[in-house]
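Visitor: Kindly return the folded structure for what I paste below:
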Amino acid sequence: MATLTDPVQATPRRARTISTQYTIGRDKVLYGGLLVLTAIAYLWGLSKNGYANEYYAAAVQAGSTSWKAWFFGSFDASSFITVDKTPAALWVMGLSGRIFGFNTWSMLVPEALMGVASVGFVYVSVRRWFSANAGLLAGAILALTPVAVLMFRFNNPDALLILLLCAGAWAVTRAIDSSQHAARWMMLAGALVGFGFLTKMLQAFLILPAFGLAYLIAGKPKLGKRLVHSALALVSLIVSAGWWVAIVELLPASARPYIGGSSTNSILELTLGYNGLGRLSGNETGSVGGGQGNPGWGGAAGVQRLFGGEFGSQIAWLLPAALLATIVLVVAAGKAPRTDRTRAFAVLWGGWLVGTGLVFSYMQGIIHSYYMIALAPAIGALIGAAMSVLWRRRDQWLPRATLSGGILLTAGWSFALLNQTATWHPWLRWVVLLTGVMAAGALVLLPELKLHRTAARRAGLFAGALLTVSALAGPTAYSLSTISTAHTGALPSAGPAGAGGMRGGPGGGGFGGRMGTPPGQTGNGTTGNGTTGGPATGPATGNGTTGNGTTGGPATGNGATGNGTTGVPGTTGNGTTGPGGGGGGVGGFLGGGGISGVSTDLVTLLQQGVKGYTWAAAAVTANGAAPLQIASGEPIMAIGGFNGTDPAPSLTEFKQLVAQGKIHYFIGSGGGGFGGARGGTSSEISTWVSENFQSQTVGNTTVYDLTTNTTS
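Guide: Below you'll find the model as predicted:
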């Protein structure tokens, strides 16, 4: 039998050891309620997101049927090429697919549960050093951050990365608290961050300075032991991150798939180049922007990047308050001893926020708004802790003034963000502003009213309620809008239409994920028109439902009215069905019209034609192959990897595979084939196929039968 008790009046420790009655305190009930409500929010209507990012969904499907594809993170079950990052996130979703069968729910439910677990780790980390109420506030802020709601309902690697980093921060917290087992906790933290590397590569390491510095400053053992413990944590990190990399590097290339996203078939090159230092410098060899930096993605570099444009509505609601909270915690620690928890907390979570935020602000390579989920746990933790510190001291004028100022700052900033979508619930921004002013005024005036203790407590609770409404109403509204809207493709964005950047479209992403053509290389219009018989030279793309194509490259049209020629004779692409989801799509070399654009006749052809072949078909770009593979359930070779620029296979290798009878069909326009080529081996293969094999139209797709050579 369970009973509810006030935690302050809990049974003494000795009595609890002999009692057979299990008690549930108020804090446990509220904590459980937070997790349950988070789970409901993240699981509600999850199937509307379909296969979300089809690039990753295809790899999950492959891993659910082939252990080799699962281990390497291969795009297809026959393991021709991998996705362009490490595979830990695919491992989780792939195992779920093996157990429950591959479908939308088996793929996305693990992501949602990772979100619930992340909220749980933030709660326990904050509660340990502050209070249960502080932990609840911190967890609620993470749970209601719009970009977190978006990505915990999506199949990009971010969900697992955030879970691992939140668990790592909790482990560092335990290490700082421990005298006897600090080394174990630091090694656990290192292992968790190492698996974070296997999830999203070098982005996982952005929090390392904060983790290491917090323990070196505040750990209980002597300095020499703290240094040894930190070294052990580093060894643990290297082992947990490096074992898979070592296997991939040591295996001969013939025994594993090609490493997607690399130009030399090397995971180390992918890690240190495009998905690593190139992301910071903008020298992204093999990227969609030509390797010279892409200022169009994410706007100009600088601290202003995170506060406005497509980023502000995703993460910036409480970002100013979190920076203020970091200062509050440092000041509150004052001249306390080295091991002071408040200072350690500020170093740990403030270092996470400031370090990661600065990298995101000044990186010169492609950056997308959904990366901002990496800031959400730190924002929640810092505000929860600082609120606890200030609330306990609200009878003093300086903490009270700081708290009131923070409320006004947050309310004013939320008003500005809501004003970006002025026609969307226009009353909301005024509610946020007015409740913020009322809460700030109440906190300033209440101690001066000399109320009775009971009345003062009730007035304080009322002020706290106003504060909560003012701070969380904006992000909560955007989160509810996110839950109620389908999100698919490469560029998901939280909140109502117009709040963020581009939405929808097939493709990949992540810290090193490569997306569609950046601004400056595409044109917008009501119709997309390309030059007949060659690369498109006019305004060849349109966003939303108007069609897309890549300027200066072979440009297929995607969307309701987009038309563009592919530059290959007989392969004009006319998109009639967009990728759907989230408000439009990105076409061009990102592939075809998504799984909804794959006809039943084409699915039947691929399923029947796979017998006796390693690959049912080949298509240029992984994004062109993904909807075909998901719809048919058969392995499709993705020529050139994500965007068709990987040198795999070469024309000679492709000819050999065709001669050996390993590929049955080649998918031309309308299914993501020729339209994805951007030069190199992809264009060579496309040209060779069109000149040597007979084509047919299946549904709205041009298909070449590689068993019918017209020159033989």
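Visitor: buried set for stretch 408-420?
Guide: Judged by neighbour count (16 or more other CB atoms under 10 Å), stretch 408-420 contains these buried residues: L408, L409, T410, A411, W413, S414, F415, A416, L417, L418, Q420. For the C-beta atoms, the positions are set from N, CA and C on the backbone; glycine is no exception.
Visitor: Ok, stretch 251-258 next?
Guide: Within stretch 251-258, the residues that qualify as buried are R256, P257, Y258, counting by 16+ other CB under 10 Å.
Visitor: got it, and stretch 92-104?
Guide: V92, M93, G94, L95, S96, G97, F102, T104.
Visitor: out of those, what pair is the most spread apart?
Guide: Set against one another by CB to CB, those have their most distant pair in L95 and T104, with a gap of 16.2 Å.
Visitor: quick one: low-confidence ranges for the stretch 151-300 of the chain?
Guide: Low-confidence segments of the stretch 151-300 of the chain, defined by pLDDT under 70, are located at 274, 276, 278, 281-298.
Visitor: let's see it at 80
Guide: 273-299 (pLDDT under 80).
Visitor: the helices in it, which residues?
Guide: All helices of the stretch 151-300 of the chain, identified by DSSP state H, counting those that start in this stretch, fall at 158-177, 182-200, 208-218, 223-250, 267-272, 278-281.
Visitor: for the first one, packing partners?
Guide: If I follow you right, that is helix 158-177. Under the contact criterion of 3 or more CB pairs under 8 Å, 6 or more residues apart in numbering; DSSP states H and E, the helices and strands touching helix 158-177 comprise helix 88-100, helix 104-129, helix 146-151, helix 182-200, helix 208-218, helix 376-392.
Visitor: Looking at those helices, spot the one closest to A440.
Guide: Nearest to A440 among these is helix 376-392; the distance by CB to CB comes to 12.6 Å.
Visitor: Packing partners of the helix or strand following the closest one?
Guide: Where DSSP states H and E defines the elements, the next helix or strand beyond helix 376-392 is helix 397-418. With contacts taken as 3+ CB pairs under 8 Å, 6+ apart, helix 397-418 sits against helix 319-333, helix 376-392, helix 426-445, helix 453-483.
Visitor: between those helices, which gets the lowest average pLDDT?
Guide: Set side by side, the helices and strands packed on helix 397-418 differ in mean pLDDT, and helix 453-483 is lowest with a mean of 87.
Visitor: Could you pick out which of the buried residues of stretch 251-258 are located in strands?
Guide: Secondary structure from DSSP state E places none of these in strands.
Visitor: any idea how far the most centrally placed residue in the chain lies from F205?
Guide: Using CA atoms, centre = their mean, the residue of the chain that lies closest to the mean C-alpha position is D158, 3.5 Å off. In this structure, D158 lies at 15 Å from F205, with CB to CB, to the nearest Å as the measure.
Visitor: Might you list the low-confidence residue ranges for the stretch 451-600 of the chain?
Guide: Applying pLDDT under 80 to the stretch 451-600 of the chain flags the ranges 451-460, 497-594.
Visitor: and if you look at the stretch 601-712 of the chain?
Guide: 669-680, 709-712.
Visitor: go again using 70 as the cut-off
Guide: Residue ranges of the stretch 601-712 of the chain with pLDDT under 70: 669-680, 711-712.
Visitor: ranges for the strands of it?
Guide: Assigned by DSSP state E, counting those that start in this stretch, the stretch 601-712 of the chain shows strands spanning 615-620, 636-639, 663-667, 693-698, 701-709.
Visitor: got the contact list for the third one?
Guide: Defining contact as CB atoms under 8 Å, 6 or more residues apart in numbering, one finds that strand 663-667 is touched by 605-606, 609-610, 613-619, 624-625, 628, 636-637, 654, 657, 673, 689, 693, 701-707.
Visitor: what lines up beside that strand in the sheet?
Guide: Paired with strand 663-667 in the same sheet, following DSSP bridges, are strand 615-620 (parallel), strand 701-709 (antiparallel).
Visitor: and among the ones you listed, the most buried is which?
Guide: strand 615-620 (a mean of 30; mean count of other CB atoms under 10 Å).
Visitor: Figure out how far that strand is from the centre of its chain.
Guide: In terms of CA atoms, centre = their mean, to the nearest Å, the gap separating the centre of strand 615-620 from the centre of its chain is 28 Å.
Visitor: Now tell me what touches that strand from outside.
Guide: For strand 615-620, the external contacting residues (CB under 8 Å, 6+ apart) are 76, 78, 80, 606-607, 609-610, 625, 628, 632, 634-640, 644, 654, 662-667, 671-677, 682, 685-686, 703.
Visitor: Show me how to select, in ChimeraX, the buried members of those residues.
Guide: When burial is assessed using 16+ other CB under 10 Å, the buried subset of the contacts of strand 615-620 is captured in ChimeraX by this command:
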select :76,78,80,606,609,610,625,628,632,634,635,636,637,638,639,640,644,654,662,663,664,665,666,667,671,672,673,674,675,676,677,682,685,686,703
